[in-house]
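>>> The following comprises the amino acid sequence and a computationally predicted model.
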Amino acid sequence: MDMLHFASVGTAYRQPGNASWCEPLLGDSPNSRLWHPDSNPKEKSMKRLALSLVLASFAIAPAFAAMKEKPLKVELTAQNGSGETGYAMLYPHGAKTKVIVHLKGTPKGVAQPDHIHKGTCANLDPKPAFVLKPVVDGKSVTIVHATIADLLKEPMAFNVHESAKDLKKYVACGDITAPK
């Protein structure tokens, strides 16, 4: 048994048994006075789907851009006989980078300032480009307001200091370089 439905323009529709679409009974051509551009539910659904896909692409584009970047590991070597070695991991975080520093051989409970500086460990600009949270008990986690690609545009290096009281003594350093 067919069921009749009436659209807002007065066109009668018949919905077949288990079909998910509606078929117009009258006025299904553009030349008909009862025809309406939305009278074809399949076409209307496709237009909505297309619009949804376009809008979704704008929403997820930044996420795909961040996915292009891969985490980067930077080896940190001991300086000035400190015995402190480890690495820093850089993780893409949208337009930012999450930096996690891991060091072995650090003094317990001592906050050791660490920064990202322009230059290399061999030739470091003393003014920090990015201040990181201090390394405490061998670990530090900081969000930097730059992408990994930004950090690779010019020579940069991680630098860990002995303590806030002795910033001139460097205990670990590592150059930020692109993977080979």
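Structure received. Numbering: from 1, shown residues only.
>>> Could you pull up the residues touching residue 146?
Listed by Cβ atoms under 8 Å, 6 or more residues apart in numbering, the contact set of residue 146 reads 96-97, 130. All C-beta spots, glycine's among them, are computed from the backbone N, C-alpha and C.
>>> most surrounded residue in the residues you listed?
Each of those was scored for neighbours by other Cβ atoms under 10 Å, and residue 97 scores highest at 26 neighbours.
>>> Now that one: closest residue in space that isn't a chain neighbour?
residue 144 (4.7 Å; Cβ to Cβ, 6 or more residues apart in numbering).
>>> so what's residue 100 closest to, chain neighbours aside?
Spatially, and ignoring its direct neighbours in sequence, residue 100 is nearest to residue 89 (4.7 Å; Cβ to Cβ, 6+ apart).
>>> Residue 159 - how many residues pack around it?
Per other Cβ under 10 Å, the neighbour tally for residue 159 reads 25.
>>> How about residue 45?
There are 12 residues near residue 45, going by other Cβ under 10 Å.
>>> Then residue 109?
Residue 109: 7 neighbours (other Cβ under 10 Å).
>>> Helix or strand for it, just tell me which one.
Under DSSP states H and E, no helix or strand contains residue 109.
>>> what's the longest strand in the chain?
Here the longest strand in the chain is taken by residue count, with DSSP state E as the criterion, and it is strand 123-136.
>>> After that strand, which helix or strand is next?
Once strand 123-136 ends, the next helix or strand along the chain (criterion: DSSP H and E) is strand 139-144.
>>> could you point out which element follows that following strand?
Toward the C-terminus, strand 139-144 is succeeded by helix 148-152 as the next helix or strand (DSSP H and E).
>>> how is the protein carved up into domains?
3-67, 72-176 (automatic domain parsing).
>>> For the longest one, measure first residue to last.
The one in question is domain 72-176. 9 Å (Cα to Cα, to the nearest Å).
>>> Any idea how many residues pack against the residue nearest to residue 142 when sequence neighbours are not counted?
Spatial nearest neighbour of residue 142, excluding adjacent residues (Cβ to Cβ, 6+ apart): residue 132 at 4.2 Å. Per other Cβ under 10 Å, the neighbour tally for residue 132 reads 22.
>>> Isn't residue 132 up against residue 100?
No. With contact defined as Cβ atoms under 8 Å, residue 132 does not reach residue 100; the gap is 9.9 Å.
>>> shared neighbours of the two, which are they?
By Cβ under 8 Å, 6+ apart, the residues touching both residue 132 and residue 100 are residue 140.
>>> roughly how far apart are the spatially closest residue to residue 152 that is not a sequence neighbour and residue 78?
Of all residues beyond its chain neighbours, the one nearest residue 152 is residue 178 (5.3 Å), with distances taken as Cβ to Cβ, 6+ apart. Separation of residue 178 from residue 78 (Cβ to Cβ, to the nearest Å): 24 Å.
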